[in-house]
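1. here's my sequence, what's the structure:
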Amino acid sequence: MTLTMTDVPPGDRRMTADIRPLVRVLRPALTDADFDRFAAEAHRQGLVFTATYDPHGHCAGVATHRVLATSRGRVLFVDDLVTDPARRSAGIGAELLRHLTARARAAHCDRVELDSGVTNQAAHRFYHARRMTISALHFALEVGAD
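-> You can find the predicted model right below:
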């Protein structure tokens, strides 16, 4: 199957028609309005929304990513990587990861990094099968308004 990778900017109809529904599969607590605010702000911060389309024009997967300069070198950081649940195990996620790896090389990054929830065992198997290693633990501290 031939897949087409397309970067979609906020304001493009594909952002709400294609990207938003798939990101919400991964992040179900995100409302439509929350997604729209997030997409606009994150895009201004350098987040890129890449959609994967099949030959029929169906959006089969999405990756959100950005290049970061860190003390560990340049990194292409993947915020979200999600495949249409009805199309999982069809090679779409693997193709997206290959595309992101090629973009990282082109941007002179040292590596591709991402976080994955500790309970997302299926994703962990997917990443390990693609030779990704667990290189850090991600810690979080909620700082709600006082």
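2. can I take it that Arg131 is in a helix?
-> No - checked against DSSP: H, G, I helix; E, B strand; the rest coil, Arg131 lies outside a helix; its state is coil.
3. quick check: it vs Leu97, distance?
-> 10 Å (C-beta to C-beta, to the nearest Å). C-beta coordinates here come from the backbone N, C-alpha and C atoms, glycine included.
4. using the three-state scheme, assign Gly93.
-> Gly93 ends up helix, using three-state DSSP.
5. what's the neighbour count on it?
-> Burial of Gly93 is recorded as 22 neighbouring residues (other C-beta atoms under 10 Å).
6. tell me which stretches of the protein form helices.
-> Secondary structure of the chain, counting by DSSP state H: helices at 13-14, 20-26, 32-44, 92-106, 121-129.
7. which among those helices is found nearest to Thr2?
-> Closest approach to Thr2 among these (C-beta to C-beta): helix 92-106, 9.8 Å.
8. tell me how many other residues surround the residue nearest to Leu26 when sequence neighbours are not counted.
-> The spatially closest residue to Leu26, leaving aside those adjacent along the chain, is Val82, at 4.3 Å (C-beta to C-beta, 6 or more residues apart in numbering). Other residues near Val82 number 22, with proximity taken as other C-beta under 10 Å.
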